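In: Sequence and predicted structure below; questions after.
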Amino acid sequence: MVKHKLKKGYDIRLAGSTEKMTVPAERPTRLALQPPDFIGVKPKLEVEIGSKVKIGTTLFYDKEYPDAKFVSPACGEVIEINRGERRAIMEIVIADDGSDQYEFFSSHSDEQLEALSGDEIVQKLLEGGMWPYLRQRPFSKIARTSTRPRDIFINAMDTAPLAPDLTYLMRDEAENFQTGINVLSKLTGGKLYLSISDNDEALEPVFDTISGIEKHLFRGPHPAGNTSVHIYHIHPMKVGDVIWYISAPHVALIGKFFKTGRLPVERVVAVSGSSLSRDARKYFETRVGMAVQTLIPKGLILDEDVRIISGSVLRGREVEHNGFVGFYDYQVTVIPDTNERVLFGWLTPGLKDESYSRTFLSRLFPRPEYVKDTRLHGGKRAFIQSGDYEKMLPMDIYPAQLVKSIMAEEIEDMIGLGLLEVDEEDFALCTYICPSKIDFGEYVRKGLDMLEREG
């Protein structure tokens, strides 16, 4: 077992952590599958308003990659197909009728799984709607079956602010996880790498007995839990390499799918954030695509104006209270939403204000946690190279130079500066500390799309 101790990065100590207590949530009456959760997917609908669906019924497929099916997380009736700009499909909403009828696929014993070929496993994952859990690098899109991966990376840790404890989520999933590992091992001629947080509890009781994987322990500030960082420190990518990646809870879902022959829709979601009362900040047993309002009643929201985020504050997306949790997300975060300016704020000592820079006295007298809101504290301005961006990323990459090459649309420079090795989430801290208010992630995605179009 290999240990990696990383020094670069920064932990944002947000108030509003989740209590390690799992409780059943109210059963959702409305669930949704949201095509924007899947980067680059152009959906072609298989249903219309009024269609009756079961759990596992195909709702849409990708026009450019029709093999992968995107399936219903509920049994009931399609009641809404919501569209955005240029009539892009944003949500397919299903009214759950409570009957839990499934589309059944073949179940497999361990002996039957061992006899399956890689191509047979791929076909079953595609037909059962499980394929979208597998994504690939470069470009961070759903994996393509046309190219088998050099390796598969499994992430069992998350260092983002208020992130759920993936080891806690996996505590009863050892058997399903091992089955998932056995399935994935048929999909690559390379290795399966598992990244775990380097603490005393991380290996108990799930991951210490798992076979068929190479385990790596990571310690350090965020983004030590990011997949790009793991790839870079375990087996770096070269030009032309393709790797697949997946989170540990999703591996357990794949194992459960093959054992039961039906789509697993159960999910545990961590609710966090300083704008919520303690009663709301727990782990909730619910379902994929559930509505936020089933997790967070309005009476448990403390602030009048809040921003609800599906995912973490660094890489999630804003949703309404009647909106839905994202397909890949195991976290909902609620923080104050305000544009109010503080009179003479630049003169205050800042003992209650967390900051990466040495602007505030909080750097000398740190607190264990801080309440943060959505204010930018300034507007966009000329790009300032402070020398701090490189301290946010434990990889041999220069964020400022990379973003400038994307702005200039210099393809060769983008590749030479490591764009194919990274993802938007890796630059979230650069955006956070940037005095110029540059959204690094927006430019990284623009650059990745540009490289993909250029081939």
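Out: Perfect, I can see it now.
In: which residues of the stretch 251-400 of the chain fall in strands?
Out: 266-272, 283-287, 306-310, 317-319, 331-336 (DSSP state E, counting those that start in this stretch).
In: Packed most tightly, which of those would that be?
Out: Among the strands of the stretch 251-400 of the chain, strand 331-336 has the highest mean neighbour count (mean count of other Cβ atoms under 10 Å), at a mean of 25. Quick note: C-beta positions are derived from backbone N, CA and C, even for glycine.
In: elements contacting the host helix or strand of Val444?
Out: Using DSSP states H and E, Val444 maps to helix 440-454. Helices and strands touching helix 440-454, by 3 or more Cβ pairs under 8 Å, 6 or more residues apart in numbering; DSSP states H and E, are helix 399-407, helix 411-416, helix 428-433.
In: Report how many residues lie close to Ile154.
Out: 26 (other Cβ atoms under 10 Å).
In: quick one: strands adjacent to the helix or strand harbouring it?
Out: Ile154 is part of strand 152-155, with elements assigned from DSSP H and E. Partners of strand 152-155 in the sheet, by DSSP bridges, are strand 192-197 (parallel), strand 243-247 (parallel).
In: Could you point out which of those strands sits nearest His235?
Out: Nearest to His235 among the strands paired with strand 152-155 is strand 192-197 (7.1 Å), distances taken as Cβ to Cβ.
In: quick one, helices of the protein?
Out: Using DSSP state H, the helices found in the chain span residues 110-115, 118-127, 166-169, 174-184, 227-234, 248-260, 292-295, 399-407, 411-416, 428-433, 440-454.
In: which parts of the second one are buried?
Out: The neighbour-count check on helix 118-127 (16 or more other Cβ atoms under 10 Å) flags Gly118, Ile121, Val122, Lys124, Leu125, Leu126, Glu127 as buried.
In: if I pick the third one, what's in contact with it?
Out: The reference is to Val122. Taking Cβ atoms under 8 Å, 6 or more residues apart in numbering, we find Val122 in contact with Trp131, Thr145, Leu187.
In: please redo it, this time with the cut-off set to 6 Å
Out: Thr145 (Cβ atoms under 6 Å, 6 or more residues apart in numbering).
In: Quick one, grab the pLDDT at it.
Out: The score at Val122 is 97. That number is its pLDDT.
In: quick one on the thing from earlier: put together a markdown table for the helices and strands packed on helix 440-454, with distance to Gly326 on each row.
Out: As requested, these are exported to a markdown table (distance: least, Cβ to Cβ, whole Å):
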| stretch | distance to Gly326 |
| --- | --- |
| helix 399-407 | 25 |
| helix 411-416 | 28 |
| helix 428-433 | 16 |
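In: Same list (the ones you listed) but as CSV, adding mean neighbour count, mean pLDDT and distance to Glu454.
Out: Below are the helices and strands packed on helix 440-454 laid out as CSV (neighbours: other Cβ atoms under 10 Å; pLDDT from 0 to 100; distance: least, Cβ to Cβ, whole Å):
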stretch, mean neighbour count, mean pLDDT, distance to Glu454
helix 399-407, 21, 96, 13
helix 411-416, 15, 95, 6
helix 428-433, 21, 95, 24
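In: right, and the ones you listed - which one's nearest Glu354?
Out: Of all the helices and strands packed on helix 440-454, helix 428-433 sits nearest to Glu354, with 10.7 Å by Cβ to Cβ.
In: show me where pLDDT drops low in the chain?
Out: Low-confidence segments of the chain, defined by pLDDT under 70, are located at 200-204, 346.
In: okay, now the domains of it?
Out: For the chain, automatic domain parsing gives the domain ranges 28-96, 109-260, 376-454.
In: So which of the ones you listed is nearest Asn322?
Out: Between these, domain 28-96 lies closest to Asn322; by Cβ to Cβ that is 8.5 Å.
In: distance between the ends of that closest one?
Out: One end of domain 28-96 sits 7 Å from the other (Cα to Cα, to the nearest Å).
In: again, but for stretch 221-229
Out: For stretch 221-229, the end-to-end distance is 12 Å (Cα to Cα).
In: How about stretch 225-241?
Out: One end of stretch 225-241 sits 22 Å from the other (Cα to Cα).
In: Near the closest residue in space to His108 that isn't next to it in sequence, how many other residues are there?
Out: Leaving aside its sequence neighbours, His108 sits nearest to Phe258 (Cβ to Cβ, 6 or more residues apart in numbering; 5.0 Å). Using other Cβ under 10 Å, Phe258 is surrounded by 26 other residues.
In: The closest residue in space to Leu217 that isn't next to it in sequence: what's it in contact with?
Out: Sequence neighbours aside, Asp198 is the residue nearest to Leu217 in space, at 3.9 Å (criterion: Cβ to Cβ, 6+ apart). Asp198 sits next to Lys3, Leu217, Phe218, Arg219 when contact means Cβ under 6 Å, 6+ apart.
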